[in-house]
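J.: Turn this into a structure:
(chains A and B)
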Amino acid sequence: MSDQSVFEAGIVNAAADPGFRRKLEERGVQNLTRCMQCMKCGVGCPIAFAMDYNPTQIIRMAIIGLKEEVLTSHTIWLCSACETCTTRCPMEIDVAGVMDAIKEIAVEEGYESPEPHTKAFHDVFMGVVRARGRLNEPMLFGHYKLRTKTFFEDLDIGKEIMLKGKIKYSGKVKGNNEVRKIIDRLKPKK
Amino acid sequence: MSDSAVSTKKFAYYPGCSLKSSAAEYDHSTRAVFERLGIDLQEVPGWSCCGASSAHTISRDLAVALPLRNLALAEPAGLDIVAPCASCYNRLKVAETTALEDPAAKKFMEEVIERPFNGTIKTLSVLDLLTDHVGLDTVKKSVSRRLTGLKVVSYYGCLLARPPKKLKIDDPDNPTSLDDLMEAIGAEPKFWSYKTECCGAGHAMARSDIVTTLVGKLHEMAREAGAEAIVVACPMCHANVDMRQDVPGSEPLPVFFFTELMALAMGMDVARGWLGKHLVSPMPLLQKLNLI
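T.: Numbering: from 1, shown residues only, chains lettered A, B, ... in the order given. Next comes the predicted model:
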C-alpha cells in the first residue's frame, strides 16, 4: 500500500511519520501492510480491557506512522505475548512480534515507558539472569521491590510464600559469563 | 509411536528456573513420575535461563539466543530435550524451529552464543513425552489408585499452544492431551472453553490487577463447567491461578500440577509434601474424595 493510499483511507495526521512502518520492516516485521482491520486481534486480545489502544488499532497506527502515539502507548507494555493475535491473524502478521519490535524502538529512542513497573520487572528479571545465568526468584522480588518502592503491595501473598518456603535462593551457574555476553550483545543500544 | 521412540528411554531434561524455586513440586513430581515409568531424565549440564517472559520484551533476538544456548549445550548428548515448564518449552521450541527454518538467523545466533546447533535434537513438552513416547496405556497400567470423583478442568494456558506454526501442534484452540491424561488416571475432565486463555503471565507483580481479573474469569468458568479443581502444566499459570484467585462469594479452588495428580494416582505418598506448598490447600478436597 502506498503512503498516498493510506492517507486516502481517511486518516490524516499532520504528525504522521510514514517512515515508521519501514523502520519496523527493517527489523524483520513482515506482512504489516496486509492488515485489513478485521479486528480478530483486537477482539481476541485478553488484555485489551486494560490497554489504551487495542492491537488492531496499534497495527493501523503503525502503518500510517502515528509514531509518537504508538511508542508511548501502554499497549506495547501490557501485551503478555500470549500470541492469540498472531495465531488468529488471517493475513499472517505476527502481531505479538510487532509489539516487541515497537518496544525495541521505544527503548532505543529513549521513550519512557508509561508502565514503569512493568518495564522495571523485565529489566530486573534480565539483570538477575545477566548476573547469575539463571533467574533467582528471591533476588528478582527483592530488587523489583527496591526499584519500584512497592513494599506494601502483596504483603499477604508474600507472607504466605515465605511461610511455605516456596522460593529458594540458588547459586550462580557455571558459564554465567557466556550468558552475560549474549545479553550485552543483544540488548537495545540506547 | 515410532519404534525408535519406544527404544529411546533416555531424554535430556531442562527444568528451568521456576522449577528450582517456586515450582519445585512440579520438578519433583515430574522426576518421580518418569522414574516410575522407566524414563531416564538427564539434566542438561550448565543450563541457563531461557529468557521466559522477559527476554522478548527487551530484544526479540535475545529471546531466541538464550534458549538456543541450552539446545546447543544439550545437543552433544544426542537426546531429545524435555522441558516441563510451558514457558521454557515454548522458548526452546521456537528457538529450535527458528534455527531449522531460517538459515540466516541460525548463523547469526550461533555466532552470538559461540556454539554450534545442528538441529539434531527435538524439544518436547512433558505432555508430548507422555502421549507420544510413553503412551496412555502404559500410564493406565501404572495407576494403583484411580482418582475417581475428582472433577477437573485442564488448563493448558498460552504457551503450550501458541504460536502453533512454530510449536507444531495441530489444534491450538482445543488441545486434548491433558484431558486424555486425566481420564487415564481416573479423574473426570470437564469440557470448558478457557483451556488456552491467558492468565496474565508475567504481569503478576507489576500489574496484579490484570492478573486478578483474568484469573477470576478462569475460576468462574471452571466452576461453571462443574470442576472442583484446576490442572495445569505451567509454573507461571500455577502461581497466578493458585495465588491470585480472589472470587468473592465462593470457596477457592485448588490448583494441581498434572504430574502431582499422576504421582497421587501411582500411589506415591511423597505427593502429600508437594501439595503442602500450594497456597490453596487441596487436602480438604482430596480427603473428601478419599484420595489421600
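J.: Which element, helix or strand, includes residue 181?
T.: Going with chain A. Using DSSP states H and E, residue A:181 sits in helix A:176-186.
J.: um, chain B though
T.: helix B:177-184.
J.: Report the distance from the very next helix or strand once past that helix to the chain centre.
T.: As assigned by DSSP H and E, the chain's next helix or strand after helix B:177-184 is strand B:188-189. Relative to the centre of its chain, strand B:188-189 is centred 18 Å away, using Cα atoms, centre = their mean, to the nearest Å.
J.: helices or strands up against strand B:188-189?
T.: strand B:151-155, helix B:177-184 (3 or more Cβ pairs under 8 Å, 6 or more residues apart in numbering or on different chains; DSSP states H and E). Backbone N, C-alpha and C define where each C-beta goes, glycine included.
J.: Pass me the low-pLDDT residue ranges in chain A, would you?
T.: A:1-14, A:190 (pLDDT under 70).
J.: Count the neighbours of residue B:276 for me.
T.: Counted with other Cβ atoms under 10 Å in any protein chain shown, the neighbours of residue B:276 add up to 13.
J.: Tell me how far it lies from chain A.
T.: Distance from residue B:276 to chain A, counting by Cβ to the nearest Cβ, to the nearest Å: 7 Å.
J.: Going by residue numbers, what spans are strands in the chain?
T.: Since you didn't name a chain, this refers to chain A. Using DSSP state E, chain A contains no strands.
J.: that's the wrong chain, I wanted chain B
T.: Under DSSP E, chain B gives strands at B:10-13, B:40-43, B:81-83, B:123-125, B:151-155, B:188-189, B:229-232, B:255-257.
J.: any idea how far residue B:152 is from residue A:45?
T.: Going from residue B:152 to residue A:45 by Cβ to Cβ, to the nearest Å gives 27 Å.
J.: Just give the nearest non-adjacent residue to residue 139, would you?
T.: In the absence of a named chain, this looks at chain A. residue A:128 (4.9 Å; Cβ to Cβ, 6 or more residues apart in numbering or on different chains).
J.: Let me rephrase: I mean chain B.
T.: Nearest one to residue B:139, counting by Cβ to Cβ, 6+ apart, is residue B:184 at 4.8 Å.
J.: How about residue A:114?
T.: residue A:74 (5.1 Å).
J.: Test my guess that that neighbour contacts residue A:54.
T.: No. Counting by Cβ atoms under 8 Å, residue A:74 stays clear of residue A:54, with 11.2 Å between them.
J.: gap between residue B:206 and residue B:53?
T.: Taken as Cβ to Cβ, the span from residue B:206 to residue B:53 is 11 Å.
J.: ugh, typo on my part, it should be residue A:36
T.: If you measure residue A:36 against residue B:53 using Cβ to Cβ, the figure is 30 Å.
J.: and the longest helix belonging to chain A, how far from the chain's centre?
T.: Counting residues, the longest helix found in chain A (DSSP state H) is helix A:116-132. With Cα atoms, centre = their mean as the basis, helix A:116-132 stands 13 Å off its chain's centre.
J.: and if you look at stretch B:29-36?
T.: For stretch B:29-36, the distance to the chain centre is 14 Å (Cα atoms, centre = their mean).
J.: what about it, average pLDDT?
T.: Averaging pLDDT along stretch B:29-36 gives 97.
J.: What angle do helix A:176-186 and the longest helix of chain A make with each other?
T.: Calculated by axes from the mean of the first three to the mean of the last three Cα atoms, to 10 degrees, helix A:116-132 forms an angle of 140 degrees with helix A:176-186.
J.: which residues sit against helix A:116-132?
T.: Identification of contacts with helix A:116-132 by Cβ atoms under 8 Å, 6 or more residues apart in numbering or on different chains yields A:77-78, A:113, A:135-136, A:139-140, A:143-144, A:147-148, A:150, A:170-173, A:176, A:179-180, A:183-184, A:187, B:48-49, B:51-55, B:57-58, B:62, B:66, B:202-203, B:205-207.
J.: please redo it, this time with the cut-off set to 6 Å
T.: A:77, A:113, A:135-136, A:139-140, A:143-144, A:147-148, A:172, A:176, A:180, A:183, B:49, B:54, B:57-58, B:205-206 (Cβ atoms under 6 Å, 6 or more residues apart in numbering or on different chains).
J.: Just the buried ones from the residues you listed?
T.: A:77, A:113, A:135-136, A:139-140, A:143-144, A:147-148, A:176, A:183, B:49, B:54, B:57-58, B:205-206 (16 or more other Cβ atoms under 10 Å in any protein chain shown).
J.: Could you list the residues of the stretch 51-200 of chain B in contact with chain A?
T.: B:54, B:56-62, B:65, B:112-113, B:158, B:162-163, B:172, B:198 (Cβ under 6 Å from any Cβ of the partner chain).
J.: Go again with 8 Å.
T.: B:51-63, B:65-66, B:69, B:112-114, B:158, B:161-164, B:172, B:197-198, B:200 (Cβ under 8 Å from any Cβ of the partner chain).
J.: which among those end up buried?
T.: B:51-63, B:65-66, B:69, B:112-113, B:158, B:161-164, B:172, B:197-198, B:200.
J.: Narrow those to those in helices?
T.: Those of those lying in helices (DSSP H): B:55, B:56, B:57, B:58, B:62, B:63, B:65, B:66, B:69, B:112, B:113, B:164.
J.: now these in JSON lines, with pLDDT?
T.: Output for those, formatted as JSON lines (pLDDT from 0 to 100):
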{"residue": "B:55", "pLDDT": "96"}
{"residue": "B:56", "pLDDT": "95"}
{"residue": "B:57", "pLDDT": "94"}
{"residue": "B:58", "pLDDT": "93"}
{"residue": "B:62", "pLDDT": "98"}
{"residue": "B:63", "pLDDT": "97"}
{"residue": "B:65", "pLDDT": "98"}
{"residue": "B:66", "pLDDT": "98"}
{"residue": "B:69", "pLDDT": "98"}
{"residue": "B:112", "pLDDT": "98"}
{"residue": "B:113", "pLDDT": "98"}
{"residue": "B:164", "pLDDT": "92"}
